[in-house]
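Novice: Sequence and predicted structure are below.
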Amino acid sequence: MSTKERKVALMGFRSVGKSSLTIQFVDNQFVDSYDPTIENTFQKAIRINGQDYNLELKDTAGQDEYSILPQSYFMNIDGYVLVYSVNSFKSFEVVKIIYEKLLDMKGSINRVPVVLVGNKSDLTLEREVQYEDGKKLASSWNVPFLETSAKENQSVAEIFSMVMMAILRAEGSEQKKGGCVLS
């Protein structure tokens, strides 16, 4: 069975930990220093349901409510990880705006595989966004949700398993509708 390619973009407000989550997943290490990302691409081979995938992760520059999202964030991207930091209510608000922009660009919600992630769950004393708030938002979008800590490597791999499952579900529903699915 040949390896299939899937592309996933990580999006969210600046310094929510998009790069830390990506590097923790790809290299099993935590990078503590904050160096604003322009845009990086990482590769990781994973296996889902017995099928090998080469996952291309696009670690995007931090967005804010006024960001014009480049076309490259929408073209040939199979799924999205929308990240906020549990110690930043602002980042939680920004992720809602990014989600709306995604829907505007990508169309129907059923075809946009998204996982909502509340990162930095280890910062319990600095928490501004409660677990229930993230869960409720994800539920309203009908997408998977989890809280993670890139620093403690808590639930990091699960993010990418969840987004892959969401991508595969979306592709399955496309095939059932008779749509064209490229792989």
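Specialist: Thanks, I have the structure now. Quantities reported herein were computed from a predicted structural model and do not represent experimental measurements.

Novice: got the buried residues for the lowest-mean-pLDDT helix or strand in the chain?
Specialist: None of the helices or strands of the chain scores lower by mean pLDDT, DSSP states H and E than helix 156-176, at a mean of 86. For helix 156-176, the neighbour count (16 or more other CB atoms under 10 Å) marks 156, 159-160, 162-168, 170-171 as buried. Any C-beta I mention is one placed from the backbone N, CA and C, and that applies to glycine too.

Novice: Make TSV from these and add distance to Leu69 to it.
Specialist: Shown next, in TSV, are the buried residues of helix 156-176 (distance: CB to CB, whole Å):
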residue	distance to Leu69
Val156	25
Ile159	21
Phe160	22
Met162	22
Val163	18
Met164	23
Met165	25
Ala166	20
Ile167	20
Leu168	25
Ala170	20
Glu171	23
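
Novice: quick revisit: show me what the least confident helix or strand of the chain is packed against.
Specialist: strand 4-12, helix 18-27, strand 39-48, strand 51-60, strand 79-85, strand 114-119, strand 145-147 (3 or more CB pairs under 8 Å, 6 or more residues apart in numbering; DSSP states H and E).

Novice: now the angle between strand 39-48 and it, please.
Specialist: 80 degrees (axes from the mean of the first three to the mean of the last three CA atoms, to 10 degrees).
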